[in-house]
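In: can't give you the sequence, but here's the structure:
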């Protein structure tokens, strides 16, 4: 046996083997594309079998050749049909294919065994354009597909090219009697059948290698979702990763709400769409806990046919997402075309459903963990809070108690003794400090319950500023105020805003030595009212400008200043300002010191209304308009 | 017999004034310092018989003061007075003779000082 004969024998055996494999696949899952592969490889297998049999049985060569050529003319038709299955072809191409097939096989029958050259020429004319068309179409399908489908389509393309090439070369060789061409044709046929094997029936290890990148990409793009706080966003991104791994039109993940018998899908906007847990093909997969393949979704679920059409979901495949025996939900993938290699897609779907289950489980675990952590944090905060509160209350309490006991002793010894005014003043001062501390504590308590800002009324902030200024004046402190002539109206809880300003001014006084008075500015900036407390005191270290608004935080450069309070003042201010929809921040004052700025939403600057209303416009109290 | 001299170290002036007044009634000779550094200075000027020491103070805190005091060879007893819950532990840390927790009253203070006061 020559090498050429060996090659020929091997490739013929492989073609027959491939035929058996595709018949088996078509038997297990009958579909149009499976039947067309049976047609393609059936015709080739029949031709090579016939050639072998005729050699052994000594059949009439001309008859065998005639039958072979007729059978061979089926192959291009099968290819045209396969191309249609994979990527769609215009209808006229299909009809032209059928017409050409009928013409070629009719010619072969009509001239049965007599006009071989004519039939061979006709076959050549039939194979060349169809082969070229099919190879091109397979190539395009490959370039559009991804992952294993892409690799398989590439193999099919190579198979089609070498098959057509082999046939053409063999026919030319026979026509022109060139032996070289016969060798080339046999080699081409071997390449073709090997490529077809890889494309239509890849061995397990090849599939494994081809699937690996898909899986890796999915894991890479989805692993960070376990830590993502928002469940809906995480699920939407997971859907994207699934669709991407498939190269599908889209994917949907439904999460089970077993207590209500619902599946919820991320809807448009920010919410969830809820459906009964057996609705749609996904619901079918969920409630039956099995994979569902609907190549024609609209046909299989006619009740929702319109929905599938609107979403270009020709084919829907779905698999339940299950972890151990817990039904977490369902993964649905839809595509505008039938999948080329359904079994690969099903395999991938199942794998991604399992991965999704792992990710959802991980999310649930990390959510549990962070809930636990925040409970612990809250407990810790409470502990710190009580400890700090107790500590800060103890010093003034010591003074009040001690001074009161001293007075008590003195009076007990000599009821007529003059009252020690210094001692009484100390008691009063420390009692006030206690009152303020308790007030801070209660404020924080109230803030925690979210009920700080209650009485919001349209108010001229100039009145608020005036009240703060007046209070300081009563203490003999002349606060410099800069404010516009026109009213600055904002909807505020007046008492709370005064509290913020009092606190900021008090801080400014506390951290300024040398009697430099702070200034209080009010102005309108766009649709905001801006209040600034400017001091020329010790200032705030740059990297602490944010932290000072945190609970219990005391700037590092003022810890040595006595009576710094509990570190709650600015925290309370921030909460109040934020409850007004505003912002508070600290800036350095040019030339030294700090400027605290508060911006809260305000009405555009207005002049005090003219006419009768002006008389009843009490500057500094609530405007007539209730908010 | 000379009076027992007590040095009060606390950054809170009203605490110092209150404690001073109490100790003076009991016949102690009293001196004040606003922080650890001032207190060291005062000790060098004229060593007291007993020191009433706040722990959390600016400039030099109670721990730093006690360490430096002992390093310089002074052995007079220390009474810790603090608002922290860890008064007993802190007193142990600096080998104080006794402690008194804020808020304290007249009798609490005097008891703590008496118990730490050197014999004689």
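Out: That came through, no problem. This structure is a prediction, so every number in the text was calculated from the model and none was measured.
In: count the neighbours of residue A:110 for me.
Out: 11 (other Cβ atoms under 10 Å in any protein chain shown). The C-beta positions use only the backbone N, C-alpha and C, and glycine is treated the same way.
In: which pLDDT value belongs to it?
Out: Confidence at residue A:110, expressed as pLDDT, is 76.
In: and stretch B:11-28, what's buried?
Out: B:11-12, B:14-23, B:28 (16 or more other Cβ atoms under 10 Å in any protein chain shown).
In: contact partners for residue A:194?
Out: Each residue near residue A:194 by Cβ atoms under 8 Å, 6 or more residues apart in numbering or on different chains is listed here: A:14, A:159.
In: and the pLDDT for it?
Out: Confidence at residue A:194, expressed as pLDDT, is 92.
In: same check, this time on residue A:462
Out: The model's pLDDT for residue A:462 equals 92.
In: if we ignore the residues flanking it in sequence, what's nearest it?
Out: Spatial nearest neighbour of residue A:462, chain neighbours left out: residue A:483 (5.3 Å); criterion: Cβ to Cβ, 6 or more residues apart in numbering or on different chains.
In: can you count the residues close to the one you found?
Out: By other Cβ under 10 Å, the residues close to residue A:483 number 17.
In: what residues go with each domain of chain A?
Out: Domain assignment for chain A, taken from automatic domain parsing, gives A:3-202, A:217-370, A:456-626.
In: what's the least confident stretch among these?
Out: For the domains of chain A, the weakest mean pLDDT is recorded on domain A:456-626, namely a mean of 78.
In: dihedrals phi and psi, the residue nearest to residue A:462?
Out: Per-residue torsions, residue A:483: phi -150, psi 160 (degrees, to the nearest 10).
In: list the residues that contact it.
Out: Counting by Cβ under 8 Å, 6+ apart, residue A:483 touches A:462, A:465, A:521, A:522, A:523.
In: strand partners (parallel or antiparallel) of the host helix or strand of the third one?
Out: Under the criterion DSSP states H and E, the helix or strand holding residue A:521 is strand A:519-525. The strands beside strand A:519-525 in its sheet (DSSP bridges) come out as strand A:480-482 (parallel), strand A:528-534 (antiparallel).
In: residue of the stretch 101-250 of chain A closest to chain B, please.
Out: Using Cβ to the nearest Cβ, residue A:229 is the residue of the stretch 101-250 of chain A that sits closest to chain B, at 36.7 Å.
In: buried set for the host helix or strand of residue A:322?
Out: Assessed by DSSP H and E, residue A:322 sits inside strand A:315-323. Of all the residues in strand A:315-323, those buried under the rule 16+ other Cβ under 10 Å are A:315, A:316, A:317, A:318, A:319, A:320, A:321, A:322.
In: show me what contacts the spatially closest residue to the third one that is not a sequence neighbour?
Out: Looking back up the chat, that one is residue A:317. Of all residues not flanking residue A:317 in the chain, residue A:293 sits nearest, at 5.0 Å (Cβ to Cβ, 6+ apart). Residue A:293 is in contact with A:315, A:317, A:342, A:346, counting by Cβ under 8 Å, 6+ apart.
In: state whether residue B:66 is indeed within a helix.
Out: Yes: counting by DSSP: H, G, I helix; E, B strand; the rest coil, residue B:66 falls inside a helix.
In: and for it, the neighbour number?
Out: Residue B:66, neighbours per other Cβ under 10 Å, totals 23.
In: is any residue of the lowest-mean-pLDDT helix or strand in chain B near chain A?
Out: Least confident helix or strand of chain B, by mean pLDDT, DSSP states H and E, is helix B:87-93 with a mean of 86. No: no part of helix B:87-93 sits near chain A under the criterion Cβ under 8 Å from any Cβ of the partner chain; the closest distance found is 10.3 Å.
In: returning to that earlier point: pipe the contacts of residue A:293 into JSON lines and attach distance to residue A:109 per row.
Out: Formatted as JSON lines, the contacts of residue A:293 follow (distance: Cβ to Cβ, whole Å):
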{"residue": "A:315", "distance to residue A:109": "39"}
{"residue": "A:317", "distance to residue A:109": "44"}
{"residue": "A:342", "distance to residue A:109": "37"}
{"residue": "A:346", "distance to residue A:109": "42"}
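In: for residue B:60, phi and psi?
Out: When read as degrees, to the nearest 10, the backbone of residue B:60 gives phi -140, psi 120.
In: ok, residue B:101 next?
Out: Torsion angles, degrees, to the nearest 10, at residue B:101: phi -90, psi 140.
In: if we can go back for a sec, what helices or strands is the strand holding residue A:322 leaning on?
Out: Judged by 3 or more Cβ pairs under 8 Å, 6 or more residues apart in numbering or on different chains; DSSP states H and E, strand A:315-323 is in contact with helix A:280-288, strand A:292-294, strand A:326-335, helix A:342-413.
In: tell me which strands and helices the last one is in contact with?
Out: If contacts are counted by 3+ Cβ pairs under 8 Å, 6+ apart, helix A:342-413 sits against helix A:147-176, helix A:204-222, helix A:231-246, strand A:315-323, strand A:326-335, helix A:421-448, helix B:13-25, helix B:106-116.
In: quick one: it to chain centroid distance?
Out: 29 Å (Cα atoms, centre = their mean, to the nearest Å).
In: one more: the third one?
Out: Centre-to-centre, strand A:326-335 and its host chain are 17 Å apart (Cα atoms, centre = their mean).
In: pairing partners for it, with directions?
Out: Strand pairing for strand A:326-335, using DSSP bridges, gives strand A:250-257 (antiparallel), strand A:315-323 (antiparallel).
In: I'd like the ones you listed as TSV, with distance to residue A:332 appended.
Out: Listed next are these as TSV, based on distance: least, Cβ to Cβ, whole Å:
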stretch	distance to residue A:332
strand A:250-257	5
strand A:315-323	4
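In: nearest to residue A:190, of those strands?
Out: In terms of Cβ to Cβ, the element of the strands paired with strand A:326-335 nearest to residue A:190 is strand A:315-323, at 34.9 Å.
In: next one: that closest one to chain centre, how far?
Out: Using Cα atoms, centre = their mean, the offset of strand A:315-323 from its chain centre is 19 Å.
In: same deal with stretch A:168-179?
Out: Relative to its chain's centre, stretch A:168-179 lies at 59 Å (Cα atoms, centre = their mean).
In: which residues touch the residue nearest the centre of chain A?
Out: Centroid-nearest residue in chain A: residue A:237, 2.6 Å away (criterion: Cα atoms, centre = their mean). By Cβ under 8 Å, 6+ apart, the residues touching residue A:237 are A:221, A:222, A:225, A:228.
In: my guess is the third one meets residue A:359, correct?
Out: This means residue A:225. Yes: counting by Cβ atoms under 8 Å, residue A:225 touches residue A:359, with 6.0 Å between them.
In: comparing those two, which residue is more hemmed in?
Out: Remark: of residue A:225 and residue A:359, residue A:359 carries more neighbours, 23 against 20, as counted by other Cβ under 10 Å.
In: point out the residues in chain B that sit beside chain A.
Out: B:11-15, B:17-19, B:21-22, B:25, B:58-59, B:83-85, B:101-106, B:109.
In: let's see that with 7 Å instead.
Out: Applying Cβ under 7 Å from any Cβ of the partner chain, one finds that chain B approaches chain A through B:11-12, B:14-15, B:18, B:21-22, B:25, B:58-59, B:83-85, B:102-106.
In: neighbours of residue A:367, just the number please.
Out: Neighbours of residue A:367 under the rule other Cβ under 10 Å: 14.
In: so, low pLDDT: which residues of chain B?
Out: B:1-2, B:119-120 (pLDDT under 70).
In: dihedrals phi and psi, the spatially most central residue of it?
Out: With distances taken as Cα atoms, centre = their mean, residue B:52 lies nearest the centre of chain B, 1.0 Å away. The phi and psi values for residue B:52, taken as degrees, to the nearest 10, are phi -100, psi 120.
In: my read is that residue A:596 contacts residue A:504, right?
Out: Yes: counting by Cβ atoms under 7 Å, residue A:596 does reach residue A:504; the two are 4.8 Å apart.
In: mutual contacts of the two, please.
Out: residue A:533 (Cβ atoms under 7 Å, 6 or more residues apart in numbering or on different chains).
In: cool, thanks, signing off.
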